[in-house]
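Q: Turn this into a model:
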Amino acid sequence: QVQLVESGGGLVQAGGSLRLSCVASRSGSSIYAMGWYRQAPGKQRELVATISRDGSTNFADSVMGRFAISRGNAENSVNLQMNSLKPEDTAVYYCYVHLSTNWRDYWGQGTQVTVSS
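A: Predicted structure coming up:
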């Protein structure tokens, strides 16, 4: 089992910024990839951004150029810097980790991000 602790959500006005952080209970050596998904009311969970062990990243088209993702020095944490936020970014953001030891995904509890217009 892997515990993921998320922080950094909140309420911000359109055009503002927020930084989400997530720390996993496993060592970085067992983590293949980490990232963030989000789910807005009435919608399916969707990819926001991921980063792999080799540093390669993947972003949703809707956040490209506005969001940045990075791993912490210990490589068991991930940060999502969200700039130029829009009301449509409002959602619950979930941290996820994909382990290289069993090739399974684990999810955090989610943190609410609300962007007011």
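Q: quick one, what contacts the residue most central in space within the chain?
A: Centrality entry for the chain: nearest residue to the mean C-alpha point is W36, 2.5 Å, by Cα atoms, centre = their mean. Contact analysis of W36 by Cβ atoms under 8 Å, 6 or more residues apart in numbering lists L20, C22, V48, A49, T50, I69, V78, L80, Y93, Y94, C95, Y96. In this view, the C-beta of every residue, glycine as well, is placed from N, C-alpha and C.
Q: Which strand residues bridge the closest residue to R104 other than its chain neighbours?
A: Nearest residue to R104, sequence neighbours excluded (Cβ to Cβ, 6 or more residues apart in numbering): H98, at 7.4 Å. Counting by DSSP bridges, H98 forms beta bridges with A33, D105.
Q: coming back round to it: could you flag which of the contacts of W36 are buried?
A: The neighbour count (16 or more other Cβ atoms under 10 Å) marks L20, C22, V48, A49, T50, I69, V78, L80, Y93, Y94, C95, Y96 as buried among those.
Q: For the residues you listed, give me CSV that also has pLDDT and secondary structure.
A: Compiled in CSV, the buried ones among the contacts of W36 are given as follows (pLDDT from 0 to 100; DSSP: H, G, I helix; E, B strand; the rest coil):
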residue, pLDDT, secondary structure
L20, 98, strand
C22, 97, strand
V48, 98, strand
A49, 98, strand
T50, 97, strand
I69, 98, strand
V78, 96, strand
L80, 98, strand
Y93, 98, strand
Y94, 98, strand
C95, 97, strand
Y96, 95, strand
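Q: sorry, back to before: just give me the neighbour total for the residue nearest to R104.
A: Using other Cβ atoms under 10 Å, H98 is surrounded by 17 other residues.
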